[in-house]
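Undergrad: Below are the sequence and a predicted model; questions follow.
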Amino acid sequence: MAKVSGAVVINEERCKGCNLCVVACPTDVLALKSKEVNDRGYHFAYPANEEACIGCASCAAVCPDGCIRVYRMVEK
């Protein structure tokens, strides 16, 4: 049976660190950078546990700025 995994791509410069995507992720893939900020001065989201992504796209659905893209990959 094929295994489905996901890949999260975040536009870090557009992210305002609202934390909605971190809370929405069922597998705790995302986190906010605690020490780094983007050019706008926000702590941005990043995939801290990328291998746990299942490609559900919950994070992209709740992002108010549309700066998250999720790609689903099928591994045979």
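TA: Structure received.

Undergrad: Let me know whether residue 26 touches residue 55 as I believe.
TA: No: using CB atoms under 8 Å, residue 26 makes no contact with residue 55, being 11.3 Å away. In this view, the C-beta of every residue, glycine as well, is placed from N, C-alpha and C.

Undergrad: All the helices of this protein, in order from the start?
TA: 20-24, 58-62 (DSSP state H).

Undergrad: Make JSON lines out of the ones you listed and add distance to residue 3.
TA: Below are the helices of the chain laid out as JSON lines (distance: least, CB to CB, whole Å):
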{"stretch": "helix 20-24", "distance to residue 3": "22"}
{"stretch": "helix 58-62", "distance to residue 3": "19"}
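
Undergrad: Mind checking those helices for the one nearest to residue 2?
TA: When those are compared by CB to CB, helix 58-62 sits nearest residue 2, at 21.3 Å.

Undergrad: by contact count, what packs against that closest one?
TA: In this structure, helix 58-62 packs against helix 20-24, strand 68-75, with contacts taken as 3 or more CB pairs under 8 Å, 6 or more residues apart in numbering; DSSP states H and E.
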